[in-house]
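Undergrad: I would like the atomic coordinates for the input below:
(one chain, ligands or ions: 2)
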Amino acid sequence: MPERDVELGFHVDDSEVTLNVCLGKQFSGGDLFFRGVRCDKHVNTETQTVEILDYSHIPGHAVLHRGRHRHGARATTSGQRFNLLLWCRSSVYRELRKYQKGFLKLELLKREGKLATRA
Ligand SMILES: O=C(O)CCC(=O)C(=O)O
Ligand SMILES: [Fe+2]
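TA: Ligands and ions are numbered 1, 2, ... in the order given. Okay, the predicted model is just below:
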């Protein structure tokens, strides 16, 4: 019976950027798989061939990836793997995204003629 995560299913992180540092020890398996970036609405849509990226951890090396990059970790098949995960969040970026979405909605309403605009 495993005491820790064996594998990590397909997911996105609640981060802008994730730093994943492989601290060791000796192991096999545990590869990361990346499957493209999506917005919230399309996070479960199909993967295109060009988006398929697999990565094998190397002790002492780190991976920096976008939190929104869809990914998961395959099972560690032998040994022990220790990774340090750092989720980096930006409140400024998140605020800006909210305004951006608001502006986009306004633009759509204008285009559809549902919003009065000055000549
Ligand atoms: O290496 C792992 O087991 C964690 C992978 C992951 O979810 C990540 O890098 O955000
Ligand atoms: Fe993750």
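
Undergrad: hey, let's count contacts and neighbours off CA atoms from now on
TA: OK.

Undergrad: Quick check: mean pLDDT of the helix or strand containing residue 110?
TA: Element membership of residue 110, judged by DSSP states H and E, is helix 91-111. Confidence over helix 91-111 (mean pLDDT, whole number) is 88.

Undergrad: Run through the residues of the protein sitting next to ligand 1.
TA: 18, 20, 72-73 (C-alpha under 6 Å from any ligand atom).

Undergrad: Buried residues, stretch 58-70. List them.
TA: 58-59, 62, 65-70 (16 or more other C-alpha atoms under 10 Å).

Undergrad: name the element the closest residue to residue 18 other than its chain neighbours belongs to?
TA: Nearest residue to residue 18, sequence neighbours excluded (C-alpha to C-alpha, 6 or more residues apart in numbering): residue 87, at 4.7 Å. Element membership for residue 87, per DSSP H and E: strand 82-88.

Undergrad: Give me the domain ranges for this structure.
TA: 8-88, 90-119 (automatic domain parsing).

Undergrad: Lowest average confidence across the ones you listed, which one?
TA: Among these, domain 90-119 scores lowest, with a mean of 86.

Undergrad: Check the offset of that domain from the chain's centre.
TA: Domain 90-119 sits 25 Å away from the centroid of its parent chain (C-alpha atoms, centre = their mean, to the nearest Å).

Undergrad: Could you check how many residues crowd around the residue nearest to residue 18?
TA: Around residue 87 there are 15 other residues, counting by other C-alpha atoms under 10 Å.

Undergrad: And for residue 11?
TA: Using other C-alpha under 10 Å, residue 11 has 17 other residues around it.

Undergrad: Just to check, it is in contact with residue 71?
TA: Yes - contact criterion C-alpha atoms under 8 Å: residue 11 and residue 71 qualify, at 5.5 Å.

Undergrad: tell me the phi and psi of residue 50?
TA: phi -70, psi -10 (degrees, to the nearest 10).

Undergrad: what does the strand holding residue 87 rub up against?
TA: Strand 82-88 is contacted by residues 13-25, 67 when judged by C-alpha atoms under 8 Å, 6 or more residues apart in numbering.
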